[in-house]
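Visitor: Below is the sequence, then the predicted model.
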Amino acid sequence: MVNTKVTLSGMTLDNPVIPASGTFGFGYEFADWYDINCLGSISIKGTTKDPRFGNPTPRIAETASGMLNAVGLQNPGVEAVINTELPKLAEVYKKPVVANVSGFAIEDYAYTCERLNDQPQVGIFEVNISCPNVHGGGMSFGTDPKLAAEVTRAVKKVTTKPVYIKLSPNVTDIGEIAAACEDAGADGVSLINTLMGMRIDLKTRKPVLANKTGGLSGPAILPVALSMVYKVYDRVKIPIIGMGGISSAEDVIEMMLAGAAAVEVGAANLVDPMACKRIIDGLPASMEKYGIDNLTDIIGGAH
Amino acid sequence: MKKERTFGIVKNTALTRDVFEMVLTGDSGEITRPGQFVNISLPELYLRRPISVCDWTENTLTLVYKVVGKGTDLMSRMEPGEKLGILTGLGNGYKWEDTEKPLLIGGGVGVPPLYGLAKRLTDAGKDVTVILGFNTAGEVFYKDEFEKLGAGVIVTTVDGSMGIKGFAAAPMADIEYDHYFCCGPMPMLKAVWSAAKSPGQLSFEERMGCGFGACMGCTVKTKNGNKRICKDGPVLDSEEILW
């Protein structure tokens, strides 16, 4: 019997597989497809202080082995998340969740995290300072080590639960940003968010996405994600949640060898609603195939 | 629980130069209403392709689709016997039970979902009129199929090469109906909505990520709040639409 359990800052997960924020809504939609209690945890739809409609459509474009999205953090706002979305999720999911939080000012991040901190469902925070699809916030905090550290400190001050900072790959040195977050008190980092990209419609000669640019995800970005997780693992001591293009149990093992303590699965959920269950069900056989008894033993094993 | 179903292609033939009819066998049990759609996994393409359901039985599925890009081009080249992984029964579909004298207005590749609707309406003994709008006679398909159901069929073509010359909304003024159902390109939906003398239901199209409500890729604003075209639509009530 192989052991798939992993731990994130004291939170034990039955397995390392977490659906990534923005690809899984508030979780309950997927209960139509399978019993979602098999998941390690769920990173809920990115939540902001106020409700957000997001960007105009088209918000989605296809790419080779992947897709672009420019949803723009559509969400009902933190009060509706607390009063409507989390209770709906609680009916079908009994484990702690990863609360993914976004903002447009440092005070927004602190406010939203403070409001969510008392929710018993919230196990850890994932503070998104890396959304490429919103203006005047989002990624601008994640591309500057000083601002990344400021957000980290502001959130740590108002929360009692572990705080993970979600990092952008759209930077010169992701290791430097990760180190700045660690120095500012972050309990962990999660990476990578999507890579900035664009498609152009040959008939209209305009970008396909109404937002012009979007975030690239899917299997196309797995090698980029692996290299960045590998790099950050060398730079910080705090745990890493690794993500970017994971679509199979083998991908999970590869990401953990690069240095991830747990993983998130994103775009794969959108093309196969059963993706996370399929990956979880496939983990024991893949572990046996590669001689792994305890999944935690392989974290950073490629270094 | 919902799941991906495997369908086998029985038939895949051209109805016009670029519109194809694909008949498949497989479990269609999750399809409950006309106007719903399916989401098809295709080899080498990352995202699924959402296609409206033209008609279905418990174990067959008919899709009528126009070749507009890579995915539909690939579909048009598939042969009987090939298998497809399909998510079925997606979207809300048309609520048709309460109308007695329905008018159906379809434009181009918006016509197919109205066929499954017309079939259920005529089976239930309703007095059905259908307007089928196309650009030109060479693009017309399914006229005979609608007539065989016993529906009153009016064809419009923009160039006047068949039926009434003009757009599909034009004949609406001379027809009596208590409710309308519409599917077609955005300008047509708006023209029909403006010309209508009764409440109705209109089917919308958006680029989708997942097709089952997870990614928020296809959200539009309505008078009843934000709606995901894939999950809360594709059919919207005429009263809730914000143009």
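Guide: Received, thanks.
Visitor: contacting residues around residue 85?
Guide: As the question left the chain open, I've gone with chain A. Taking C-beta atoms under 8 Å, 6 or more residues apart in numbering or on different chains as the contact definition, residue A:85 lies against A:26, A:44, A:45, A:76. No exception for glycine: its C-beta is placed from N, CA and C like everyone else's.
Visitor: wait, chain B
Guide: Applying C-beta under 8 Å, 6+ apart to residue B:85 gives the contacts B:4, B:5, B:6, B:40, B:41.
Visitor: Mind telling me what element the fourth one is part of?
Guide: It refers to residue B:40. Element membership of residue B:40 [criterion: DSSP states H and E] is strand B:37-41.
Visitor: Is residue B:78 in contact with residue B:10, as I believe?
Guide: No. Taking C-beta atoms under 8 Å as the contact criterion, residue B:78 and residue B:10 are not neighbours in contact, 11.3 Å apart.
Visitor: Give me the PyMOL select line for the contacts of residue B:85, limited to the buried ones.
Guide: Typed into PyMOL, the next command selects the buried ones out of these (criterion: 16 or more other C-beta atoms under 10 Å in any protein chain shown):
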select buried, chain B and resi 4+5+40+41
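Visitor: Can you tell me which of the contacts of residue B:85 are also in contact with chain A?
Guide: Residues shared between the contacts of residue B:85 and the neighbourhood of chain A are B:4, B:41 [C-beta under 8 Å from any C-beta of the partner chain].
Visitor: pLDDT added to the contacts of residue B:85, as JSON lines?
Guide: As requested, the contacts of residue B:85 are arranged in JSON lines below (pLDDT from 0 to 100):
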{"residue": "B:4", "pLDDT": "97"}
{"residue": "B:5", "pLDDT": "98"}
{"residue": "B:6", "pLDDT": "98"}
{"residue": "B:40", "pLDDT": "98"}
{"residue": "B:41", "pLDDT": "98"}
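Visitor: Just the closest of the contacts of residue B:85 to residue A:174, please.
Guide: Nearest to residue A:174 out of the contacts of residue B:85 is residue B:41 (C-beta to C-beta; 33.3 Å).
Visitor: Beta-bridge partners for that closest one, please?
Guide: residue B:85 (DSSP bridges).
Visitor: which ones are touching it?
Guide: Counting by C-beta under 8 Å, 6+ apart, residue B:41 has contacts A:271, B:4, B:48, B:84, B:85, B:86.
Visitor: Ok, residue B:228 next?
Guide: B:213, B:216, B:218, B:219.
Visitor: What values do phi and psi take at it?
Guide: For residue B:228, the backbone dihedrals (degrees, to the nearest 10) come out as phi -90, psi 120.
Visitor: same thing with residue A:126?
Guide: Residue A:126 adopts backbone torsions of phi -130, psi 110, taken as degrees, to the nearest 10.
Visitor: Chain A contacts on chain B?
Guide: Counting by C-beta under 8 Å from any C-beta, the residues of chain B that sit close to chain A are B:1-4, B:41, B:45-48, B:87, B:206-210, B:212-221, B:226, B:231.
Visitor: Show only the entries of these found in strands.
Guide: Counting by DSSP state E, the part of the residues of chain B next to chain A found in strands is B:41, B:87, B:219, B:220, B:221, B:226.
Visitor: Next SSE downstream of the strand holding residue B:40?
Guide: Next along the chain after strand B:37-41, taking DSSP H and E as the criterion, comes strand B:49-52.
Visitor: show me what contacts the nearest residue to residue A:147 once chain neighbours are set aside?
Guide: Using C-beta to C-beta, 6 or more residues apart in numbering or on different chains and skipping the chain neighbours, the partner closest in space to residue A:147 is residue A:141 (4.7 Å). For residue A:141, the contact set (C-beta under 8 Å, 6+ apart) comprises A:103, A:106, A:129, A:147, A:148, A:150, A:151.
Visitor: Kindly report the same for residue A:303.
Guide: If a contact means C-beta under 8 Å, 6+ apart, then residue A:303 has A:230, A:233, A:234, A:259 as its contacts.
Visitor: Same question for residue B:25.
Guide: Taking C-beta under 8 Å, 6+ apart as the test, what residue B:25 contacts is B:7, B:8, B:10, B:59, B:60, B:61.
Visitor: Surely the second one touches residue B:86?
Guide: No. Taking contacts as C-beta under 8 Å, residue B:8 lies outside contact range of residue B:86: 10.8 Å.
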